[in-house]
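**Q** Structure of the sequence below:
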Amino acid sequence: MKVESVINEINRRPSLGFVILGILYNFAMQGGLVVTIGTSMTGFMPYTQWECLRSSNRCLATTEGGKTYTRETFCNTTLQLNRDFVWKLDGRTSFAIDYDLLCDREYLYNLCNTFFFIGAMLALPIGGQLIDFYGRKPGVITSLLISIVGIGISIIPSPNVAVLILGRVIVGAGSFILISGVNTYVFELSPSKYRPVACFFVTYSWAAGYFVMVGSGYLIKMWQLLSLVPIAFFLVALVTTICIPESPKFTFLTKRNVAKAKAALQWFQDLNGTNVNLESLSLGSDNSQDDKQKLSDYLKDLIKHKALLIQTVVFCFQYLATTTLYYGFAFSWSKLSSNLYIGYLFAGLGEFLAQTMLFFPLTFMARRHTVMLFYISGGISILLTLLPHETEGDKVSVHQIVSILGSMLVTVGWNAIIVQMIEAAPTTHRALIQSLASSSGRVGSILGTQVGLLLEWNESCTMIIFGVVAIAIAVCGFFMPETKGIVSPQQPDEVAWDYTGKSSNKPEKQLLIPEDMESE
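**A** You can find the predicted model right below:
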């Protein structure tokens, strides 16, 4: 009997095991969101949060009596703090002020985000191989510890911003290995018919991170203390991970340890109150991955199997293009919205609505059609921002709503791609493929951190590029294999499709019989 068949039988309905997996997803993903774009709160740019001293005629003349407190006014003058102006921050602190990352040194602020993704980009391919080689559980635990250490380093008092950047590199490496490991870990522990539910755990938790970020950013005034918020989430995720057994799919197919796989499945049975006979679970004639395979062999398998290689390359492109769009919006709401908190609150609300929109298509539509539907809709919505509009002060304008809608639809499509990729990847190489795609996505993330410069140059051209890219991702989705209702491949040689979306794998219902794996 196959491991996936046993998991389907044990988890025929949502149960306590799902609650525990949900806790792991929730806290890992919320912490991941906060450390990723939390610099918008910990290092906010106070270009409009200052005022002239009444004794400074030069300042009053420059700002026309206080009417033009803008970045241009602040950076294009020689006004001095406490002589010409004072900050109006209500006791809040920002590392942008502490490290003097304003005006001509603002590029260093962008580097804090850029190096975060560079750390992730460099670590993910290695981390993915380690997760596939040593296990899902050790990979998640290690990445959590790395993230916590990186956060600690980033808040060490220092006269040089290099310490902050070093901490961001370490946090980026740990947090994105964490996200990759958690996705693989939980999806392998989830029955196939409840994978959309597991996907919602991920996406709702990620969206909730926006509200955590805005709420904590509003209540906690010191940026160092605000930076510690993700540690609380990571600690809960760490304790939860320690309590959960290793993925039985990994243990069975990669390490060929039947006893350990049965123990993990029995743990879930005890939680769920089911009684599936595990004696029929046997290696038999299964051609599982050799447990002595070297790390380098995983990459060689990608080159050796053409269908797997093409599939991985397309997923990497989709990730790169999507993350450019996603983080381009995520780091630019302060420019697209006149109020930092309102901008991110509506972005979080948009993500919540996006995940709700995803439920029915992911449940009732083909994965490929879901991807194409939302990316095409997102591209059209982004292009609608080119319509004439006017800035309405602190009010939420139609332009901002259309921008949020475009970002929201792209997010839905991205989550559908994540589900499709995890289902399409073979079990023995699942973490590696996801890590390679995520590493490509970090290149897009780096590009996304520079979108603010494009918006300052020409917002219309930027939105045209975004709209075209979204539609290009949809076109790629047309040629990807359909994975809904199809059993996930176990080995690289089981990955095959005719490049028109038709998978050669058998439907899951044909494999839900005890005799589908012969015993020796």
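**Q** which residues touch the closest residue to residue 41 other than its chain neighbours?
**A** In space, and not counting its chain neighbours, residue 41 is closest to residue 217: 3.4 Å by C-beta to C-beta, 6 or more residues apart in numbering. (Glycine included, C-beta is placed from N, CA and C.) By C-beta atoms under 8 Å, 6 or more residues apart in numbering, the residues touching residue 217 are 38, 41-42, 226, 341.
**Q** which is the next helix or strand following the least confident helix or strand in the chain by mean pLDDT?
**A** Using mean pLDDT, DSSP states H and E, the weakest-scoring helix or strand in the chain turns out to be helix 333-336, at a mean of 53. Moving toward the C-terminus from helix 333-336, the next helix or strand (DSSP states H and E) is helix 340-364.
**Q** on contacts alone, who are the packing partners of that next one?
**A** Applying 3 or more C-beta pairs under 8 Å, 6 or more residues apart in numbering; DSSP states H and E, one finds that helix 340-364 contacts helix 39-42, helix 195-219, helix 333-336, helix 367-383, helix 398-424.
**Q** Now render those as JSON lines, adding distance to residue 110.
**A** Shown next, in JSON lines, are the helices and strands packed on helix 340-364 (distance: least, C-beta to C-beta, whole Å):
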{"stretch": "helix 39-42", "distance to residue 110": "10"}
{"stretch": "helix 195-219", "distance to residue 110": "19"}
{"stretch": "helix 333-336", "distance to residue 110": "13"}
{"stretch": "helix 367-383", "distance to residue 110": "23"}
{"stretch": "helix 398-424", "distance to residue 110": "20"}
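**Q** what's the distance between the residue nearest the centre of the chain and residue 363?
**A** In the chain, the centroid-proximal residue (C-alpha atoms, centre = their mean) is residue 179; its distance is 6.6 Å. To residue 363, residue 179 is 24 Å away according to C-beta to C-beta, to the nearest Å.
**Q** Now the residue nearest to the centre of the chain: which helix or strand?
**A** Assigned by DSSP H and E, residue 179 belongs to helix 162-189.
**Q** elements contacting that helix?
**A** With contacts taken as 3+ C-beta pairs under 8 Å, 6+ apart, helix 162-189 sits against helix 16-37, helix 106-134, helix 136-154, helix 195-219, helix 229-243, helix 248-253, helix 398-424, helix 430-449.
**Q** Tell me which residues are up against whatever helix or strand residue 464 lives in.
**A** Residue 464 belongs to helix 459-478 when assigned by DSSP H and E. With C-beta under 8 Å, 6+ apart as the test, helix 459-478 has contacts from 314, 317-318, 321-322, 324-325, 328, 368, 371-372, 375-376, 378-380, 382-383, 385-386, 406, 410, 413, 417, 451, 454-455, 501.
**Q** try 7 Å
**A** 314, 317-318, 321-322, 324-325, 328, 368, 371-372, 375-376, 378-379, 382-383, 385-386, 410, 451, 454-455, 501 (C-beta atoms under 7 Å, 6 or more residues apart in numbering).
**Q** CA atoms of that helix as PDB?
**A** The C-alpha coordinates for helix 459-478 follow below in PDB (Å, rounded to 0.1, in the frame of the first residue of the first chain):
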ATOM      1  CA  GLU A 459       4.800  55.000 -13.200                       C
ATOM      2  CA  SER A 460       2.900  54.400 -16.500                       C
ATOM      3  CA  CYS A 461       5.800  52.500 -18.100                       C
ATOM      4  CA  THR A 462       6.300  50.400 -14.900                       C
ATOM      5  CA  MET A 463       2.700  49.400 -14.900                       C
ATOM      6  CA  ILE A 464       2.800  48.400 -18.600                       C
ATOM      7  CA  ILE A 465       5.800  46.200 -17.900                       C
ATOM      8  CA  PHE A 466       4.000  44.600 -14.900                       C
ATOM      9  CA  GLY A 467       0.800  43.900 -16.900                       C
ATOM     10  CA  VAL A 468       2.700  42.300 -19.800                       C
ATOM     11  CA  VAL A 469       4.800  40.100 -17.500                       C
ATOM     12  CA  ALA A 470       1.600  38.900 -15.700                       C
ATOM     13  CA  ILE A 471       0.100  37.800 -19.000                       C
ATOM     14  CA  ALA A 472       3.300  36.100 -20.100                       C
ATOM     15  CA  ILE A 473       3.200  34.000 -16.900                       C
ATOM     16  CA  ALA A 474      -0.300  32.900 -17.900                       C
ATOM     17  CA  VAL A 475       0.900  31.900 -21.300                       C
ATOM     18  CA  CYS A 476       3.600  29.700 -19.700                       C
ATOM     19  CA  GLY A 477       0.900  28.100 -17.500                       C
ATOM     20  CA  PHE A 478      -0.900  26.800 -20.600                       C
END
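**Q** my read: residue 250 touches residue 135, true?
**A** Yes: at 5.8 Å, residue 250 and residue 135 qualify as touching, with contact defined as C-beta atoms under 7 Å.
**Q** Which one's more surrounded, those two?
**A** residue 250 (30 against 20; other C-beta atoms under 10 Å).
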